[in-house]
Structure formats: C-alpha cells, structure tokens
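Asker: I'll drop the sequence and a predicted model, then ask my questions.
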Amino acid sequence: MTLNSSASLYGARGRGAKASVASPEGLRNMLRNETERDSAPALVAAQAAPPAAAAAAPAPAARADDKQTLRGLNDRLSGFLARVKQLQEENEYLERQIDEILSKRKTPEGRDWDKVEKPLEDLKQRLKDITMDNARLLIEMDNTLMANNDLKHKLEDEKRAQEVLLNDLESIKKITEEMNLKCDQTVREIDMVKDEVERLEQDHKIVRLHTNTYTNTPSKEVDILREKIRDSEVKVEIESKMSDLSQHIKKIRAQYDKLAERNLKETEEWYKAKFENIKVVEAQNTEALQSGQTELKDLMKQKQTLTMKIQSLNSMIQNLEEVLKNIKMEYGHNLAPFNQVILRLEGELRKIRSQVELQAATNKDLVSIKMKLQAEINDYQKLIHGQIADSDR
C-alpha cells in the first residue's frame, strides 16, 4: 500500500476515488473494503515486526533508544490492531443493521424515487388545476359582487328619485287641493255675486215700480186738485213741473239701467277672466299630475324589475357560494388521502436523511481514525525500513 493512498469519506481504494453511498448496499460494500484495507497493513506490519526485532537484537548499545522506540511502537501497534478489531466488529454490526433495513424494505437496490415523484407530480398538477378553478370561481364571485353592488347603488338612486317624485306628487296634490279650495271659494263668490246681481235686479225692479207709482200718483192728485179748484172757482196759477219730474225720473231710470248693465258686464267679465285663469291652472295641474302619475308608474315598474334582478342575483350568489363550498369540501375530501401519503413520504424521507447523516458522521469518524492509523503505520514502516537499512550497512 502506498504512503499517500487512502480511502476518502465517500470512496473506496485508490487516491481520490469516490464510491456512491446512495444505497445501504453501497455503504455496506464500502465499509467491508475499508475494513479489509485497514487490516491488511496492520497484519503485514505484525508479520514484519518479529524479524525486525530479531535483526535489531545484535545491534550495539548505541541503538538502545531505537529498540525502546520500537517496543513502544509495537505496543501501540497492538493497540491499533485491537482498535481495528473493534472497528471490524462495529462494521459487522452496521452491516447487520443495513441488512435488516434492506430486508424490511425489500429493495436492496434502493428506493426508486421516480416512482414516488410521479404520483407527486400528478398531485401537484391536480392541486394547480384546483387552484386555478378556485381562482376562477373567486373572480366570478368578485364580478358578481361588483355587479350586485352596482345594482344596489342603482336601486338606491332609483329609491332617491322615487322619493323625490313622491315629494313632488305630494306637493302637486297639495297644490291641487289648494286649487280645489280656491275653485270652491271662487264658485261660492260667483254664487254670492249672482245673488248680489239678482238682488240688484230685484232692487232695480222695485225702484222702477216705485218710480212708476211716483209718476202716476202726482198726475192723479193734480187732476183731483184741478177738479177742486174748478169746483171752488178759485183761480190759482200753478206752475206745472210735471214735465221736469218726468225728465228727471227718466234720467234716473236711465242711470240706474246703465249702472246695472255696467256692473253686470264688469262682473261677468271679471268672473270670465277668473274662470279662464282657473281653468288654465287646473289644466296645467291636471297635466302635471297625469305626467307625474305616468312617471311614477314607470318608476314602480323599474323598481319591480330591479328588485327581481337583485333577487335573481342574490339567489345566483347563494348558489355559487354553495357550489364553491361543495367543491372545497369535495376537493378536501379527495386530497385528504394524498395529504396523508405526502406526510408519510416526507416522514420517511426525513428518517432516511437522518439515518444517512448519522451514517455519514460515523463514516467520517471512522475515516479520521483510519487516517490517523495510516499515518502512524507509515511512521512505523519508516522506522522499520530505517532499522533494516542500518542493519544492512
């Protein structure tokens, strides 16, 4: 065995050569090779040690220190051999453990991770598809909620417009009631004016009757007086003002007639104008009331339509939420066994990693011990070769 050749942590024989420990079988082979390599130089050294001691026996006294050193090295070599034996026993114990693990798994060549990863890839793809479906459903729900909010805002606007229209209708109703009251009051005033006109006509008739009576009465009295005067034979000169009285009565009668006609005409014109204005206002109010009622009917129809739409959208949202809930429950139920498989595989993977790390640490300790032993064996061989060279000289 060369002086500088050694087995690395992951390798077998040869300088820098690496052997795989991906499987317990490879680890077992590596430990077996390491044990064989570690025990071979020790056996060679043990076989070479007695001749070296025999050759050094007749050496002079000047080499007593070298003998003492060789004796110490022999003692250390025996200790190293015991250590090698102990390591061999430990390696056998580890091999038995590896055999037990392999017998339990029934896969001496190691686990086929491709077979494990293939269903995991399928599960990942299914999870991705489910995530995309959930995202699509969430987007649809958000769109539905936004549409519902828009409809709610529109409904609130329509309600406010309806309240404004109702207020306008109330004001129109109040105005209509006021106009009806004014119409009633105007009718009453017209009736009063008609009564006044009738009363004036009655007064006018009475005045005319009185006037006729007054006109006829003086003529009779004058005739009686004339007869008395004729009988008495008294000559009295009387200035007759009969003609002036008739003229005055005619003038008064004409004035009363003109005044009555004028009052009647003014009253009729005033009431005609008043009634025309009232009719115009009433027509305007009636038209506004009809238009308001028509608009109110349209708004009520729109309200009913929007209410039906909101109810349908609410039912759609509830159905979508129920479908989403059922989908989540179904996917959760379907993914439960896969999650258990994933958790079990992750647990096994962690266990295998811990075992591999523990085995790697053990191998590292063994390799460090082996390197120390190799260095001391090399020193021992150098001393032996030096003793042999001195004895040859």
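Answerer: Received the coordinates, thanks. Residues are numbered from 1 along each chain as shown.
Asker: pretty sure Leu123 is in contact with Phe338, am I right?
Answerer: Yes. Counting by CB atoms under 8 Å, Leu123 touches Phe338, with 5.2 Å between them. The C-beta positions use only the backbone N, C-alpha and C, and glycine is treated the same way.
Asker: so for Leu358, what's the pLDDT?
Answerer: We have a pLDDT of 90 for Leu358.
Asker: measure it to Lys272 for me?
Answerer: Leu358 is 121 Å from Lys272, where distance means CB to CB, to the nearest Å.
Asker: I'd guessed Gln302 sits against Leu155; true?
Answerer: No. Using CB under 8 Å, Gln302 is not in contact with Leu155; the gap is 9.6 Å.
Asker: buried ones in stretch 321-339?
Answerer: Residues of stretch 321-339 classed as buried by neighbour count (16 or more other CB atoms under 10 Å): 324, 331.
Asker: ok, now stretch 268-284?
Answerer: Glu282.
Asker: same question, stretch 165-173
Answerer: Neighbour-count burial for stretch 165-173 [16+ other CB under 10 Å]: 165, 169, 172.
Asker: any residues touching it, and which ones?
Answerer: 285, 288-289, 292-293, 295-296, 299 (CB atoms under 8 Å, 6 or more residues apart in numbering).
Asker: mind doing that once more with 7 Å?
Answerer: Identification of contacts with stretch 165-173 by CB atoms under 7 Å, 6 or more residues apart in numbering yields 285, 288-289, 292, 295-296, 299.
Asker: filter the residues you listed down to the buried ones.
Answerer: Those of the contacts of stretch 165-173 that meet the buried threshold are 285, 292, 299, by 16+ other CB under 10 Å.
Asker: just curious, which of those residues is nearest to Asp75?
Answerer: Leu299 (114.4 Å; CB to CB).
Asker: excluding chain neighbours, what is closest to that closest one?
Answerer: Using CB to CB, 6 or more residues apart in numbering and skipping residues adjacent in sequence, the residue nearest Leu299 is Gln162, 5.3 Å away.
Asker: now Leu127
Answerer: Leu335 (7.6 Å).
Asker: quick check: pLDDT value at that neighbour.
Answerer: 80.
Asker: in the stretch 251-393 of the chain, where is pLDDT below threshold?
Answerer: Filtered on pLDDT under 70, the stretch 251-393 of the chain yields the residue ranges 387-393.
Asker: could you list the low-pLDDT ranges of the stretch 1-150 of the chain?
Answerer: 1-63, 105-113, 116.
Asker: tell me where the protein has helices.
Answerer: Assignment of helices within the chain using DSSP state H yields the ranges 24-56, 64-105, 113-232, 242-392.
Asker: comparing the ones you listed, which comes out most buried?
Answerer: Greatest average neighbour count among the helices of the chain goes to helix 24-56 (a mean of 16), per mean count of other CB atoms under 10 Å.
Asker: domains in this protein, by residue range?
Answerer: 24-112+347-392, 121-342 (automatic domain parsing).
Asker: please determine how far Leu138 is located from Ser312.
Answerer: 21 Å.
Asker: wait, Ile130
Answerer: From Ile130 to Ser312 the distance is 29 Å (CB to CB).
Asker: try Ser171
Answerer: In terms of CB to CB, Ser171 sits 36 Å off from Ser312.
Asker: and what of Ile190?
Answerer: For Ile190 relative to Ser312 (CB to CB), the value is 59 Å.
Asker: ok, now Arg96?
Answerer: 75 Å.
Asker: before we move on, what about Arg83?
Answerer: Arg83 sits 87 Å away from Ser312, going by CB to CB.
Asker: likewise for Gly72?
Answerer: Using CB to CB, Gly72 is found at 101 Å from Ser312.
Asker: swap in Arg76?
Answerer: For Arg76 relative to Ser312 (CB to CB), the value is 96 Å.
Asker: one more: Thr294?
Answerer: To Ser312, Thr294 is 27 Å away according to CB to CB.
Asker: what do you get for Asn149?
Answerer: Noted for Asn149: a distance of 16 Å to Ser312, by CB to CB.
Asker: and for Asp122?
Answerer: Distance from Asp122 to Ser312, by CB to CB: 40 Å.
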